[in-house]
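Colleague: predicted model follows, preceded by the sequence.
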Amino acid sequence: MAKKTQRGIRGPESRAVRRATYLAKQDEKKSKKVKAAVERGMHTHLINKFPATFLRARPNGAAVRNTMTNDPDQLAALPTTGKVQVPLRDLPDSVTVPRGLPPHLIIRFDRFITDADQERLRKRWDDVLASGAKPQSGKHANRSADDPAFHFGIWEVTSSAPYLTADTRNQTPQAITAIDALLKYIGDFVAGKIGSVFETHAPEQWEAMQRAYLRVQNLLAAELLARPSLDFGGAFFAVAVKEGGSGLVHIDWHDSHAIWAFVFAVGDWEGGEFCAPELGIKIPIRPGQVFAVLARVVAHFSAPVTQGRRIVFTCFTDSLTVLHANPDLVTVVA
């Protein structure tokens, strides 16, 4: 029975309302605490100019190396842990930023890949090596003088339509089985998380990627049906894998100006920081972290790995895969 008080009748419904209000306030307090904790663990590095040195340049690796330092000791180190971001805001009014770019040049996400997933990725990479898989393109003088990278997945590069990379196609059946197992694990346990932060932090670019994804699905329906491990849900279309790092300062010429590449590494190592000489900074990429960067805009290289083993995965999309589905996404003309 409802109880009458000076404030009126308090029945089950009024108690339920008070309870709901109390819980909502508690949730709001928790949310504020979580947000404050995240902000305490976040480092924002502000820049005062846009890195436009090679924005409209035609591919020329030698010009990048001759212009930019390759010495990590000359760069300021950003924090090893926590979220790091380099936003495209608070720039002087005289600085022009091309339209269509996401809000950040760089974001590093912390605690992104679990220890268990890192170990399983390492095991599947070792299986690829044991299968006898061979990179088809050889060493890439633009990026590194040491071991070449594998490029798995789908791209267009200089074509008018998407196709499977040579590293994906031209392998033995045993190697293809191992490659597909590695890519499936990335698709099942990493791609969805990348897609989530991509959509949250760059919704315009995420929509562009989804349009590209629909186009690739239509054009490569048979290939994706035969090898579903190549379907990353539109978060990216290709994965480069190598050990160590890319020690020469370079630009990823085939990437889109407007679309992040996502980098993570597994293993146990020292060194290997992401170095951006035009920004004057170097950013550690430690186990479990994922690093988003506009790799066609920011000239970069990896500091030497001084100890241990470091397996680097770069999840990326080439510019033509994006452009052919989004001709008006970004206006940067070489």
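Modeller: That came through, no problem. Numbering: from 1, shown residues only.
Colleague: low-confidence stretches in the chain?
Modeller: Applying pLDDT under 70 to the chain flags residues 1-40, 138-147, 330-334.
Colleague: try it again with 80
Modeller: By pLDDT under 80, the low-scoring segments of the chain are 1-40, 90, 137-147, 330-334.
Colleague: what secondary structure does the most centrally placed residue in it sit in?
Modeller: Among the residues of the chain, the one closest to the centroid is Phe262, at 1.5 Å (CA atoms, centre = their mean). Assigned by DSSP: H, G, I helix; E, B strand; the rest coil, the conformation of Phe262 is strand.
Colleague: quick one: contacts for the closest residue to it other than its chain neighbours?
Modeller: In this structure, Phe262 finds its nearest non-sequential neighbour in Cys315, 4.4 Å apart by CB to CB, 6 or more residues apart in numbering. Just so you know, the C-beta spots here come from the backbone N, C-alpha and C atoms, and that holds for glycine as well. By CB atoms under 8 Å, 6 or more residues apart in numbering, the contact set of Cys315 is 186, 190-191, 194, 232, 235-236, 238-239, 261-263.
Colleague: out of the residues you listed, which one sits closest to Val298?
Modeller: Relative to Val298, the closest of the contacts of Cys315 is Ala261; by CB to CB it sits at 9.9 Å.
Colleague: got a list of what that closest one touches?
Modeller: By CB under 8 Å, 6+ apart, Ala261 lies in contact with 236, 252, 255, 292-295, 314-317.
Colleague: among those residues, who's most crowded?
Modeller: When neighbours are counted by other CB atoms under 10 Å, Thr317 leads the contacts of Ala261 with 29 neighbours.
Colleague: setting aside sequence neighbours, what's the nearest residue to it?
Modeller: What sits nearest to Thr317 in space, not counting adjacent residues and going by CB to CB, 6+ apart, is Phe237, at 4.8 Å.
Colleague: what's the answer for Arg65, then?
Modeller: Nearest-residue entry for Arg65: Val249, 5.7 Å, with adjacent residues in sequence omitted and distances by CB to CB, 6+ apart.
Colleague: show me the helices in this protein, by range?
Modeller: Assigned by DSSP state H, the chain shows helices spanning 12-40, 61-67, 115-130, 166-169, 173-186, 192-201, 203-219, 221-226, 319-323.
Colleague: and the spatially closest residue to Leu183 that is not a sequence neighbour, how close does it get to Asp188?
Modeller: Distance criterion CB to CB, 6+ apart; nearest residue to Leu183, sequence neighbours excluded, is Ser229 at 4.1 Å. Applying CB to CB, to the nearest Å, the value for Ser229 to Asp188 is 9 Å.
Colleague: can you check Pro98 too?
Modeller: Taking CB to CB as the measure, Pro98 falls 35 Å from Asp188.
Colleague: you'd agree Asp252 is up against Arg296?
Modeller: Yes. Asp252 lies in contact with Arg296 (CB atoms under 8 Å); the separation is 5.5 Å.
Colleague: neighbours of Ala303, how many?
Modeller: The local packing of Ala303 (other CB under 10 Å) involves 21 other residues.
Colleague: how about the residue nearest to Arg65, what does it touch?
Modeller: Val249 sits next to 64-65, 68-70, 275, 277, 299-301 when contact means CB under 8 Å, 6+ apart.
Colleague: check Gln171 too.
Modeller: Residues in contact with Gln171, defined by CB under 8 Å, 6+ apart, are 131, 133-134, 179.
Colleague: same thing but at 6 Å, please
Modeller: Ala133 (CB atoms under 6 Å, 6 or more residues apart in numbering).
Colleague: kindly report the same for Gln210.
Modeller: Residues in contact with Gln210 (CB under 6 Å, 6+ apart) are Gly234.
Colleague: likewise Ala258?
Modeller: Residues near Ala258 by CB under 6 Å, 6+ apart: 100-101, 205, 329-330.
Colleague: now the buried members of those residues.
Modeller: Neighbour counting with 16 or more other CB atoms under 10 Å marks 100-101, 205, 329-330 as buried within those.
Colleague: done for today, thanks.
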